[in-house]
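Engineer: the following block contains a protein sequence and its predicted model.
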Amino acid sequence: MSAPSTTPAWPDGLRFAFGTLTALPVRVTRWDRDAARAGMLCAPVAGAAVGAAAAAAGVLLLRLGAGPLLAAVASAAVPAVLTRGLHLDGLADTADGLGSGKPAEDALRIMKQSDIGPFGVITLVLVLLAQVAALAQVYGGSWARGALAAAVSAAAARLALTLAARTGVPAARPEGLGAAVAGVVPVRRAAGAAAVVTGAAAAAGAWIGAYDAVRAALAVLAAAGAAELLLRHCTRRFGGVTGDVFGALAETAATVSLLVLCLGR
């Protein structure tokens, strides 16, 4: 990384978050630890922007007369498009690495290969089916709840990245995005980000009803818990985190949050 500058980190942090976690034309101007720290703390903001676009696509199709299933497909497709499939690719590579049963060094080598193995394909199919099915169920009940689910799941997905970048979580490789952001976020700030995202999700749900406020908060907490379990498993297997692991954490969190938001409908 480059040496820190005297420029305030937060504007650079927003550029870091949008420039590395989305396909939006945002140029990352700083790669030092301060910018990376601010960037990972801003990750849920980038997620909220992606989620808003996903919700808008789903609601627009509903307004044009499409059914809940097509709206769900659109809401699931937008995050993939706005990240160039980066998180889905990371999910597939991580599944291949974990499924290989190989020692850490060999598993990491498998994850760096350009092709996708059977574990990756199966995981991608199941995760995307789960996301679309959950969104279709929620959109079928209410366009507002469908939009809420799309937005909350995207923010929860990026919150998982903030939590995974906390102090004490090592990088599995000395290079790559994982190494650039591993351990940059102090634990207290990571916990603060989790509290803010949970509160924001509850506030968004409260516009629909008290039940939705509670469900939205629980969705964020469940997503963070599931991502934490996967993070610990990957850290044990690979010796730390990689960019692929971050992608897997994001997709896991998004899927779990959607499942919570659709259950009991």
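Structural biologist: Right, received. Where do you want to start?
Engineer: output the below-cut-off pLDDT ranges for the stretch 1-150 of the chain.
Structural biologist: 1-8 (pLDDT under 70).
Engineer: just the helices in it please.
Structural biologist: Shown for the stretch 1-150 of the chain, the helices assigned by DSSP state H, counting those that start in this stretch span residues 9-21, 33-41, 43-63, 68-82, 86-100, 104-112, 118-141, 143-164.
Engineer: helices and strands around the third one, which ones?
Structural biologist: Using 3 or more Cβ pairs under 8 Å, 6 or more residues apart in numbering; DSSP states H and E as the contact test, the elements touching helix 43-63 are helix 9-21, helix 68-82, helix 118-141, helix 143-164, helix 187-206. C-beta: built from backbone N, CA, C; applies to glycine.
Engineer: got the buried residues for that helix?
Structural biologist: 43-59, 61-62 (16 or more other Cβ atoms under 10 Å).
Engineer: chain center to that helix, what's the gap?
Structural biologist: Distance of helix 43-63 from the chain centroid (Cα atoms, centre = their mean, to the nearest Å) equals 14 Å.
Engineer: the last one now?
Structural biologist: On the basis of Cα atoms, centre = their mean, helix 143-164 is displaced by 8 Å from the centre of the chain it belongs to.
Engineer: restricting to C-alpha, output it in CSV.
Structural biologist: Extracted C-alpha coordinates of helix 143-164, given in CSV (Å, rounded to 0.1, in the frame of the first residue of the first chain):
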residue,chain,number,x,y,z
TRP,A,143,-44.1,-4.7,-3.3
ALA,A,144,-43.0,-2.6,-0.3
ARG,A,145,-41.8,-5.7,1.5
GLY,A,146,-40.1,-7.0,-1.6
ALA,A,147,-38.2,-3.7,-2.0
LEU,A,148,-37.3,-3.8,1.7
ALA,A,149,-35.9,-7.3,1.4
ALA,A,150,-33.8,-6.3,-1.7
ALA,A,151,-32.4,-3.3,0.1
VAL,A,152,-31.8,-5.0,3.5
SER,A,153,-30.1,-8.0,2.0
ALA,A,154,-27.7,-5.9,0.0
ALA,A,155,-26.7,-3.8,3.0
ALA,A,156,-26.4,-7.0,5.2
ALA,A,157,-24.1,-8.5,2.6
ARG,A,158,-21.7,-5.6,2.8
LEU,A,159,-21.9,-5.4,6.5
ALA,A,160,-20.5,-9.0,6.5
LEU,A,161,-17.4,-7.6,4.7
THR,A,162,-17.0,-4.9,7.4
LEU,A,163,-17.1,-7.4,10.1
ALA,A,164,-14.7,-9.8,8.3
